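Q: Let's see this in three dimensions:
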Amino acid sequence: MVCATPSSLHPNRCPPRDRFYGQAAGLCHAASMAREMRPVLWHIEVSHFSEKARWALQVKGVEHERRAPPPGLHIPVALWLTRGRSGTLPILEIDGRRLADSTAIIEVLERHVPDPPLYPADPRERERALELEDFFDRVLGPAIRRLVWHELRRDRERLAALAAQAAPALSGSAAVPYARLLATGTGLRYGAGSERAAQRAKSTVLGVLDRLEMELGEREYLVGDRFSVADLTAASLLYPLVLPEQAPKQVQEMPERYERLRASLANRRGYQWVQEIYAKHRSIEA
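A: Next comes the predicted model:
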């Protein structure tokens with residue numbers, strides 16, 4: 001049964017429960033509360049940290065809304081949402097809270113929706129999974145972001161294409177200034193303007209790939225015998241390098257130098273593992 005007519009005083013609300021409505025009103029009020037409590041994910045479609053949060057929400061089967069400010073313009077949005085505490089996305093609005101960090105988002109999701117688990121049940125395995133999550137967040141995340149944005153800044157045509165796709169409303173004469181804003185902003189915020197810094201970032205990414213392969217050995221998963229937060233974090237933060245089929249497709253083809261790097265790594269165990277993990281555990285989203 002559904003609510004037939006909303007309240008005339010509050011058109012988005014159901015009528016009050018009374019003897020005339022009974023169970024129907026109760027169901028209607030429950031549906032209204034569910035709508036009000038629906039989580040909202042503020043994210044950047046091209047962001048690997050946003051991909052980490054999106055993937056966790058998909059694993060948990062949490063229905064939610066998504067709002068994606070254009071890259072660069074997301075900073076004032078994030079500051080507004082968090083009252084100045086954070087200028088980055090993703091941010092998840094859930095149960096009246098605003099969580100500004102992919103790791104914090106997964107922690108809360110794990111409490112709200114424990115099945116399927118992303119944290120191993122065994123205390124030692126759980127500690128190890130969280131250690132690896134932290135390592136990939138701190139070391140891999142910033143390095144691959146700097147490298148990718150550096151390569152895009154060197155290819156202004158592809159940067160402009162990304163800008164047009166990320167902010168379709170800024171078409172025509174507004175597209176060029178926005179692309180320049182992206183170039184300047186990523187240079188200042190991520191250190192993507194320096195060739196030397198980009199080469200150091202590349203070395204870091206390759207070092208993390210070595211570490212990933214060492215941690216895996218011949219096993220399918222990083223910790224224990226099932227998919228965990230460690231696998232999700234490593235794979236999502238490496239998605240800009242591997243560009244698996246199930247990942248976001250904001251850039252169809254990266255700059256030539258970056259594509260040569262990807263080709264040189266395509267036969268490595270860690271690279272192929274990311275493809276396998278995405279194929280097994282990440283559904284393609286509409």
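
Q: from here on, contacts and neighbour counts on C-alpha atoms
A: Noted.

Q: just for the protein, where's the confidence low?
A: 1-36, 170-173, 250, 252, 286 (pLDDT under 70).

Q: How is it divided into domains?
A: The record's domain parsing of the chain by automatic domain parsing lists 40-112, 123-281.

Q: Take the ones you listed and write them to a markdown table, including mean neighbour count.
A: Below are the domains of the chain laid out as a markdown table (neighbours: other Cα atoms under 10 Å):
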| stretch | mean neighbour count |
| --- | --- |
| domain 40-112 | 19 |
| domain 123-281 | 18 |
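
Q: now the helices for the stretch 1-150 of the chain?
A: 22-36, 48-60, 74-81, 102-112, 123-135, 141-154 (DSSP state H, counting those that start in this stretch).

Q: Go ahead and list the helix or strand containing E215.
A: Element membership for E215 (DSSP states H and E) is helix 195-216.

Q: continuing past that helix, what's the next helix or strand?
A: Next helix or strand after helix 195-216 toward the C-terminus (DSSP H and E): helix 229-242.

Q: chain center to the helix or strand following that next one: distance?
A: Sequence order places helix 256-265 as the next helix or strand after helix 229-242, per DSSP H and E. Here the centre of helix 256-265 is set off from its chain's centre by 24 Å, with Cα atoms, centre = their mean, to the nearest Å.

Q: other SSEs contacting the helix holding E215?
A: Applying 3 or more Cα pairs under 8 Å, 6 or more residues apart in numbering; DSSP states H and E, we find helix 195-216 packed against helix 141-154, helix 269-281.

Q: What are the neighbouring residues in contact with V274?
A: Shown in contact with V274 (Cα atoms under 8 Å, 6 or more residues apart in numbering): 234-235, 238-239, 242, 244.

Q: and L216, which of the helices and strands packed on helix 195-216 is closest to it?
A: L216 lies closest to helix 269-281 among the helices and strands packed on helix 195-216, at 8.4 Å (Cα to Cα).

Q: I'd like to check the angle between that closest one and helix 229-242, please.
A: Helix 269-281 and helix 229-242 are oriented at 110 degrees to each other (axes from the mean of the first three to the mean of the last three Cα atoms, to 10 degrees).
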